[in-house]
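*Asks:* Next come a sequence and a model predicted from it.
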Amino acid sequence: MKLFFESIVVGFLSLSAVRAEPQFLKALDVDGHERVLNQPGRVTVVIYSNQSVQDLTRQAGKSLDEFQGLAQFRSVVVVDLRGSLANWVSGYAQRRMVRDLDKEAERIRPAYVKNGSRADPRPEVSAVADFQGDLCRKLGWTETVKTLRVVVYNLQGLEDRRWEDLKSESELRDTVRACLKNKFGKST
């Protein structure tokens, strides 16, 4: 009988170990705030950027305006600066990003209002300057590329969808919508 209960306990512990728990991805943004990129309770869209894809990054960000101001949504841009001149002028690069984020917060303010939020958007507008590629590697982005990479984390903090070269903004929006609706797991 003792062996029976021990096997049940071992089986239960094995099942709980199999259940997916997020490994928190943390990063310091250019405002000096620690961000959890896969924070449970929020759908987070992480968008890759570098000098070659910055226009695509902005376009992808604008395509997410309908979600701005929702308490359960956040987007974070990870700027891959590996091997760039920005490494020599890191302070300047970060100050420029802060100015760009200030402008972006003003641009999305109407979306906040439309979604019923009276909050200041600026604290939620975030970019991480990845000078050495540490965060990029944690995201599986081992090399600098000229494509638009995007990762969506669901409300459980688990990766829901990943694109190495996003071509369809509507597909991204559909994924975010599905994640916001599905409180219990993957959107697909």
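*Replies:* Yes, it's here. Numbering: from 1, shown residues only.

*Asks:* ok, and for the helix or strand encompassing Glu106, which residues are buried?
*Replies:* Secondary structure assignment for Glu106, by DSSP states H and E: helix 90-114. Neighbour-count burial for helix 90-114, counted by 16 or more other C-beta atoms under 10 Å, picks out 93-94, 97-98, 100-101, 104-105, 107-109, 111-112. C-beta coordinates here come from the backbone N, C-alpha and C atoms, glycine included.

*Asks:* contacting residues for the spatially most central residue of the chain?
*Replies:* In the chain, the residue lying closest to the centroid (C-alpha atoms, centre = their mean) is Val46, at 2.7 Å. Applying C-beta atoms under 8 Å, 6 or more residues apart in numbering to Val46 gives the contacts 37, 75-78, 139, 150-153.

*Asks:* Got the phi and psi for Asp160?
*Replies:* Dihedral pair for Asp160: phi -100, psi -40, per degrees, to the nearest 10.

*Asks:* Now tabulate the buried residues of helix 90-114 in CSV and tack on pLDDT and distance to Ser52.
*Replies:* Output for the buried residues of helix 90-114, formatted as CSV (pLDDT from 0 to 100; distance: C-beta to C-beta, whole Å):
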residue, pLDDT, distance to Ser52
Ala93, 95, 16
Gln94, 96, 20
Met97, 97, 17
Val98, 98, 22
Asp100, 97, 17
Leu101, 98, 20
Glu104, 97, 20
Ala105, 98, 25
Arg107, 98, 23
Ile108, 98, 24
Arg109, 98, 29
Ala111, 97, 27
Tyr112, 98, 30
